[in-house]
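Participant: what would the 3D arrangement of this be:
(one chain, ligands or ions: 1)
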Amino acid sequence: MKATNLKLPGLILIEPNIFRDSRGFFSETYNAQQFAEAGITEAFVQDNHSHSADRGVIRGLHFQAPPHAQDKLVRVSRGAILDVAVDIRVGSPTFGQHEAVVLSAENWHQLWVPKGFAHGFCTLEPDTEVQYKVTEFYAPEVDFGLAWDDPALGIDWPVRGEEAVLSPKDRKHPRLAELPEHFSY
Ligand SMILES: Cc1cn([C@H]2C[C@H](O)[C@@H](COP(=O)(O)OP(=O)(O)O[C@H]3O[C@@H](C)C(=O)[C@@H](O)[C@H]3O)O2)c(=O)[nH]c1=O
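Facilitator: Have a look, this model is predicted:
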């Protein structure tokens, strides 16, 4: 397994080992010991799995606020996504900046998204399945969002405006400048 710290402190790209043979493949998608060596020691409490039917589905940008803020370990088991994490840690020198990486069933890459980041993705292929582990249970009362198309974020999404397939909830999130001050991490 290879772990690479990305330019925004806290984000880690994971590249697991894949063992291929005549039957197919084998991979350890999570190994507590190896992740601890990469600096990830948090315990997971919930595994999530979503399917998006179309290319251009955007889910996000989402975060749970304290005391139920979540760390997320994201991977793709079918299809491909552009996975995006935005630094919303108040006082962070990189506040408002983001990273965008392609996670796919082909490249096997995983993204570690710690607390203090808003997270979202855009599907690059139809029938894309995203699986992610989280370190806090779902808490809808503190489940918040940030507008995916906030110009201040400058995210280069693969689809624009009306092309994006969004849930009604994801059409209504505030912009970064409108996020309440109490979302401090
Ligand atoms: C996130 C979540 C949703 N749900 C339910 C609530 C709702 O009825 C249905 C769909 O929820 P959502 O529309 O919020 O699903 P979705 O838009 O896929 O939300 C996810 O987006 C990505 C980008 C993330 O980072 C995740 O943390 C999560 O916020 O599933 C749970 O029961 N548990 C959960 O942990």
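Participant: quick one: contacts for the most centrally placed residue in the chain?
Facilitator: In the chain, the C-alpha nearest the mean C-alpha coordinate belongs to His119, at 4.4 Å (CA atoms, centre = their mean). Going by CB atoms under 8 Å, 6 or more residues apart in numbering, His119 touches Gly60, Leu61, His62, Phe63, Lys72, Val74, Asp83, Val84, Ala85, Val86, Val113. Every C-beta, even on glycine, is put in place using the N, C-alpha and C of the backbone.
Participant: hang on, the fourth one is in a helix, isn't it?
Facilitator: Pointing back at Phe63 there. No: under DSSP: H, G, I helix; E, B strand; the rest coil, Phe63 falls outside any helix and is assigned strand.
Participant: out of the contacts of His119, who's the most crowded?
Facilitator: Ala85 (29 neighbours; other CB atoms under 10 Å).
Participant: hey, what's it bridged with?
Facilitator: Glu99, His119 (DSSP bridges).
Participant: hmm, His98 and it touching each other?
Facilitator: Yes: if you go by CB atoms under 8 Å, Ala85 and His98 touch, sitting 6.3 Å apart.
Participant: my guess is Ile88 contacts Phe63. True?
Facilitator: Yes: between Ile88 and Phe63 there is a contact under CB under 8 Å: 6.6 Å.
Participant: then Val130 would be within a strand, right?
Facilitator: Yes: with three-state DSSP as the criterion, Val130 is located in a strand.
Participant: so what pLDDT did the closest residue to it other than its chain neighbours get?
Facilitator: Nearest residue to Val130, sequence neighbours excluded (CB to CB, 6 or more residues apart in numbering): Ser50, at 5.1 Å. In this model, Ser50 is scored at 98, pLDDT.
Participant: still on that earlier bit, switch the contacts of His119 over to CSV; also include pLDDT and distance to the ligand.
Facilitator: As requested, those are exported to CSV (pLDDT from 0 to 100; distance: CB to the nearest ligand atom, whole Å):
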residue, pLDDT, distance to the ligand
Gly60, 95, 4
Leu61, 98, 7
His62, 98, 3
Phe63, 97, 8
Lys72, 98, 6
Val74, 98, 7
Asp83, 98, 9
Val84, 98, 9
Ala85, 98, 9
Val86, 98, 11
Val113, 98, 8
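Participant: right, I'll leave it there.
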